[in-house]
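[1] dropping a prediction and its sequence here:
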Amino acid sequence: MDNAHNTRYTQGWQKLKEIDGEVGEKVIAVLAPIAPDFGRMLIEFGFGDIYSRPQLDLRAREIATIAALAALGNAAPQLKIHIEAALNVGCTRDEIVEVFMQMALYAGFPAALNALFAAREVFAARGMADLPPEEVAMLETA
């Protein structure tokens with residue numbers, strides 16, 4: 001790896017840890033035996049090049065990311081990771097819910113509902129949801 005790639009990787013790895021923490025590190029670890037080059041590209045391009053740009057702060061980037069993933073409607077695992085990331089960089093539970101409510105207008109109610117259910121799981125796992133114990137247990141087995 002040349003110096004430019006090494007710098008991008010190092011910068012990307014630090015940004016990944018800042019935003020996603022252990023969850024992001026686990027994603028890269030899971031990719032390693034399957035597609036290590038993909039993991040490297042994700043770190044270098046996604047986090048080293050894009051997330052490191054100064055034009056938007058991390059809160060704005062995560063709001064844009066969860067909105068886009070919600071609008072896709074078929075990226076629940078990635079959405080959950082980025083809901084965690086949004087919380088890690090200072091977004092509130094209410095802001096995240098509001099983003100998904102906004103998505104109902106542009107992506108439709110099914111996409112917004114899927115996003116809200118993903119958020120509910122993340123909030124429950126973090127102890128941020130006012131859910132009865134039986135509902136928390138149901139989410140953990142889903």
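    Received it, and whenever you're ready, just let me know what you need.

[2] helices along the protein, start to end?
    Secondary structure of the chain (DSSP state H): helices located at 3-31, 36-41, 58-72, 76-88, 93-107, 109-125, 133-141.

[3] quick check: mean pLDDT across the first one?
    If I follow you right, that is helix 3-31. Across helix 3-31, pLDDT averages out at 90.

[4] residue 30: how many residues sit nearby?
    Close neighbours of residue 30, defined as other CB atoms under 10 Å, add up to 11. Heads up, the C-betas are built off the backbone N, CA and C, glycines and all.

[5] hey, which helix or strand in this protein has the poorest pLDDT?
    In the chain, no helix or strand scores lower on mean pLDDT, DSSP states H and E than helix 133-141, which sits at a mean of 54.

[6] and the residue nearest to the spatial centre of the chain, how far from residue 127?
    For the chain, the residue whose C-alpha lies nearest the mean C-alpha position (CA atoms, centre = their mean) is residue 82; its distance is 1.1 Å. Applying CB to CB, to the nearest Å, the value for residue 82 to residue 127 is 19 Å.

[7] ok, residue 105 next?
    30 Å.

[8] now do residue 118
    Applying CB to CB, the value for residue 118 to residue 127 is 17 Å.

[9] name the spans of this protein whose pLDDT lies under the cut-off.
    1-5, 131-142 (pLDDT under 70).
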